[in-house]
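> Here is a sequence with its predicted model. Questions after.
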Amino acid sequence: MSDLFDKAPATGPDTAPRPLADRLRPQRLSEVIGQGHVIGPNGPLGVMLESGTLSSLVFWGPPGVGKTTIARLLAHETDLAFVQISAIFTGVPDLRKVFEAARHRRANGQGTLLFVDEIHRFNKAQQDGFLPHMEDGTILLVGATTENPSFELNAALLSRAQVLVLERLSHDDLERLAQRAEADMGRPLPLTAEARAQLLDMADGDGRALLNLAEQVMAWKTEAPLDPTSLQARLQRRAAQYDKSGDAHYNLISALHKSVRGSDPDAALYWLTRMLDGGEDPRYLARRITRMAVEDIGLADPQAQRVCLDAWETYERLGSPEGELALGQAVTYLSLAPKSNAGYAAYKEAMRAAKTTGSEPPPKIIRNAPTKLMKEQGYGKGYEYDHDAEDAFSGQNYFPDGMKRGVYYLPKERGFERELKKRLDWFVSLRAKRKKGQDE
């Protein structure tokens, strides 16, 4: 059974050609390119190996950054049996067999490092199934996920494993990997310097993708190094890493929102187009952009919300890709508009007060009295019609009787809210004047 999961050595000569990415798989942790913050001498894995106390781990990072390789090398350097499974193809019966084999190894004096790829694909019950085997030392679990563990993994499992974040490979890391590929194949990539840089960009931080691209390029018969145009004609750019329901979705919409809030139209347009290029639904973006207008601009520029709604309608009429330009224009307008969250903050504070005061009724003075009984109860008695008052302002109390007057809306000295603040201050002074007259 264990042959299904253990990486046992081949029993005969391996004459099949091996992909470049497999041939260049590091044999020691020191050969791993990138992730120095994790595997370096002062990184968490470096410290664990130095102290001889390796704990269960969860590797969180994008594809092609070395999660599987590092797990395999950890098993090698700690003399643990390496067992690899994928949550996509493994069911409960398979897990039982894995745990049983690990118990036999442990009885024979050898531990097991169980590497679970796509661990977030296991449901809660399946994740809970790992816990007793982690606690009694049957397995040392190393999970790999591209999704945020905070949302996808059980708190119980996370409390027993350390989450290590692996980062996409930098341009320098990819260059080192390209050089390693050239050394293996005994010749340089047939590319100009500009085309070489373009190839690294196409990999988009994914080392495995780079090696696959490099292997394709090396197979071409060329008389001279290829320029960027020739390379682009022969290779398709790798699809951007973007999951419309995953962590990248939330990271990029957060980046877009904060760029708008930070009054940076260039950054805002960059994140908007990143999301569109990744296949995000423009209607979702139209809705979120409109929310930005309400939340971060508000009455500092009342026109901002209208601009967003018009852009939304324009997209609905034109569709993609022409309608997406209207969304870009809305994002640019919002970025350059005066900012105020006073309306948003006032709404939240009023909601807090509403929840606190519960069912307090309006004062009788402002209740309608359509029946005789209601009039006898004092509904509407003493109400002053504001249009008949001086300055069309009576200064009456509109909060529940006995409730301290709330002050929620505090307009900023920016944009149109500057004018609203003047009006608000004027009404505050009139209210104080009316109250003083009533007291006298």
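Yep, it's here.
> From now on I want contacts and neighbour counts done on CA atoms only, so please keep to that.
Will do.
> what is the mean pLDDT for stretch 397-413?
Stretch 397-413 shows an average pLDDT of 91 in the prediction.
> Contacts for that stretch, please.
Here stretch 397-413 makes contact (C-alpha atoms under 8 Å, 6 or more residues apart in numbering) with 300, 340, 342-343, 345-347, 349-350, 360-363, 366, 417-418, 420-421.
> how many neighbours does Glu384 have?
Neighbourhood size, Glu384 [other C-alpha atoms under 10 Å]: 15.
> Ok, Pro321 next?
Neighbourhood size, Pro321 [other C-alpha under 10 Å]: 11.
> so of the contacts of stretch 397-413, which ones are in strands?
Using DSSP state E, no member of the contacts of stretch 397-413 sits in strands.
> got a list of what Asp301 touches?
The neighbourhood of Asp301, defined by C-alpha under 8 Å, 6+ apart, consists of 337-339, 415-417.
> just to revisit the earlier point, of the contacts of stretch 397-413, keep whichever come out buried.
Buried subset of these (neighbour count, 16 or more other C-alpha atoms under 10 Å): 300, 340, 342-343, 345-346, 349-350, 366, 417, 420-421.
> Quick check: of those residues, which lies closest to Ser51?
Relative to Ser51, the closest of the buried ones among the contacts of stretch 397-413 is Ala345; by C-alpha to C-alpha it sits at 50.7 Å.
> any weak-confidence spans in this protein?
Within the chain, the stretches with pLDDT under 70 are 1-16, 236-247, 438-440.
> mind giving me the domain ranges of it?
Domain assignment for the chain by automatic domain parsing gives 2-165, 171-234, 247-336, 362-439.
> roughly how far out does the first one sit from the chain middle?
In other words, domain 2-165. From the chain centre to the centre of domain 2-165 is a distance of 24 Å (C-alpha atoms, centre = their mean, to the nearest Å).
> Report the two of the buried ones among the contacts of stretch 397-413 separated the most.
Within the buried ones among the contacts of stretch 397-413, Ser340 and Ile366 form the most distant pair, 31.8 Å apart (C-alpha to C-alpha).
> May I have the phi/psi pair for Trp312?
Phi and psi for Trp312, reported as degrees, to the nearest 10, are phi -60, psi -50.
> Hmm, it is touching Tyr284, no?
No - counting by C-alpha atoms under 8 Å, Trp312 does not reach Tyr284; the two are 9.9 Å apart.
> The two: which has the busier surroundings?
Trp312 (24 against 10).
> just to revisit the earlier point, how about the buried ones among the contacts of stretch 397-413 in CSV, adding distance to Leu169?
Output for the buried ones among the contacts of stretch 397-413, formatted as CSV (distance: C-alpha to C-alpha, whole Å):
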residue, distance to Leu169
Ala300, 42
Ser340, 39
Ala342, 42
Gly343, 43
Ala345, 41
Ala346, 44
Glu349, 45
Ala350, 47
Ile366, 66
Glu417, 46
Leu420, 51
Lys421, 51
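> In helices, which of these appear?
The members of these that map onto helices under DSSP state H are 342-343, 345-346, 349-350, 417, 420-421.
> most packed of the domains of the chain?
domain 247-336 (a mean of 19; mean count of other C-alpha atoms under 10 Å).
> Show me how far it is from its chain's centre.
17 Å.
> Kindly report the same for stretch 156-166.
The answer for stretch 156-166 is 18 Å, by C-alpha atoms, centre = their mean.
> wait, is Leu164 part of a strand?
Yes - counting by DSSP: H, G, I helix; E, B strand; the rest coil, Leu164 falls inside a strand.
> quick one: it from Leu272, how far?
Here Leu164 is placed at a distance of 29 Å from Leu272 (C-alpha to C-alpha, to the nearest Å).
> try Tyr347
Tyr347 is 28 Å from Leu272, where distance means C-alpha to C-alpha.
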